[in-house]
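*Asks:* kindly generate the corresponding structure for this input.
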Amino acid sequence: MMSNLFSIFDPTTEINSLPLNWTSTILGLLLIPTSIWLIPSRNSMMISLLMNKLHKEMKTILSGGNQNKGNSFIFTSLFLMILMNNFLGLFPYVFTSTAHLTLTLTLALPLWVSFMLFGWIKNTNHMFEHLVPQGTPTMLMPFMVVIETISNLIRPGTLAVRLTANMIAGHLLLTLLGNNGPAMNHTLLTVLIAAQILLLILEAAVAIIQSYVFAILSTLYSSEVN
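*Replies:* Numbering: from 1, shown residues only. So this is what the prediction gives:
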C-alpha cells in the first residue's frame, strides 16, 4: 500500500505510547562535549566567533533603540537553536522539528505579538507612521494603509512557512532520489550516491541560510517598532 509522500514527516517515534519526537530538539546538547564549557577548544572558538559576528550585525540593526541593550542576544540564541535543529534533521532517523509549523509558528508568533504590543503601547505614533510610507500621494494613502496592515499581519506566517518549506523541500528530494536506489544498476547508483552527497552539502548550506534569515528578519521586525 502506498503511503502519503509527506508521511516521512509524520511523528511516529514512541515508547509505551509516550511520544518522543520532540526530544530531538534537545539532542544537540548531547553533541556538545563537556570540555567545550570548561576549556577553550576549536569548537568553542568557532561558535564564539560566529556569535560575536552575529551579535555585532544585529546590534547594528538594533542601534536605533539604544534603550533596549541586550536584545541582540535573544536573536543570536534564536539563530543557534534553529541552526542546531536544522542540522539534526540531516541525520538519519532523527525527527526534523523545524519542518513542522508546530515549532516554527511557536517561534515566530510570540516574537511578532511581543513586537506589536511593545510598538503600539510604547510608540503608537511611530507605528501609525509606518502604515503610510513617506512621500505617498494623498489619494493612495487609504490603499497603502490596507497594504501595510496586511503585510504586517502575515509576517509570522511568512517566517514560519519559509523555514518549514525549505526544510521539507530538501528532505523530500533526498528521500525521493534515495527510494530509487534499489532499482538502479551500479553505474546509475554511483551517480545517485554522488548526487545525494551534493544535495546533502546543499541542505547543510540551506540549514545555515534559513537560520540566518529567520534571525535577521526577526531582528528587522524588532527594529521597526523602536
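*Asks:* when you work out contacts or count neighbours from here on, use the C-alpha atoms and nothing else.
*Replies:* Noted.
*Asks:* for this structure, longest helix please?
*Replies:* helix 186-224 (DSSP state H).
*Asks:* what's it packed up against?
*Replies:* Applying 3 or more CA pairs under 8 Å, 6 or more residues apart in numbering; DSSP states H and E, one finds that helix 186-224 contacts helix 42-61, helix 71-88, helix 101-122, helix 155-179.
*Asks:* looking at those helices, which is buried most?
*Replies:* Of these, the one with the most neighbours on average (mean count of other CA atoms under 10 Å) is helix 71-88, at a mean of 20.
*Asks:* identify the residues contacting it?
*Replies:* 24-25, 27-28, 51, 54-55, 58-59, 62, 94, 96-98, 167, 204, 207-208, 211-212, 214-216, 218-219 (CA atoms under 8 Å, 6 or more residues apart in numbering).
*Asks:* which of the residues you listed count as buried?
*Replies:* Taking 16 or more other CA atoms under 10 Å as the criterion, what is buried in these is 24-25, 51, 54-55, 58-59, 62, 94, 96-98, 167, 204, 207-208, 211-212, 214-216, 218-219.
*Asks:* coming back round to it: same question for the longest helix of the chain, mean pLDDT?
*Replies:* Mean pLDDT, helix 186-224: 89.
*Asks:* how far off centre is that helix?
*Replies:* Chain-centre distance of helix 186-224: 11 Å, with CA atoms, centre = their mean, to the nearest Å.
*Asks:* picking up where we left off before, out of the helices and strands packed on helix 186-224, which comes closest to residue 223?
*Replies:* Residue 223 sits nearest to helix 42-61 of all those, at 6.7 Å, using CA to CA.
*Asks:* where does pLDDT dip in this protein?
*Replies:* Residue ranges of the chain with pLDDT under 70: 1-19, 31-41, 63-70.
*Asks:* swap in 90 and give it another go.
*Replies:* Applying pLDDT under 90 to the chain picks out residues 1-78, 80-81, 84-85, 87-103, 115-153, 167-193, 195-196, 219-226.
*Asks:* end to end, how far does stretch 93-104 reach?
*Replies:* With CA to CA, to the nearest Å applied, stretch 93-104 spans 20 Å between its terminal residues.
*Asks:* show me what that stretch is in contact with.
*Replies:* 9, 11, 21-22, 24-25, 82, 85-86, 88-90, 159-161, 163-168.
*Asks:* hmm, try it at 6 Å
*Replies:* Identification of contacts with stretch 93-104 by CA atoms under 6 Å, 6 or more residues apart in numbering yields 21, 89, 160, 164, 167-168.
*Asks:* can you list these in JSON lines and add distance to residue 198?
*Replies:* Supplementary listing: these in JSON lines, determined by distance: CA to CA, whole Å:
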{"residue": "21", "distance to residue 198": "28"}
{"residue": "89", "distance to residue 198": "16"}
{"residue": "160", "distance to residue 198": "26"}
{"residue": "164", "distance to residue 198": "21"}
{"residue": "167", "distance to residue 198": "16"}
{"residue": "168", "distance to residue 198": "17"}
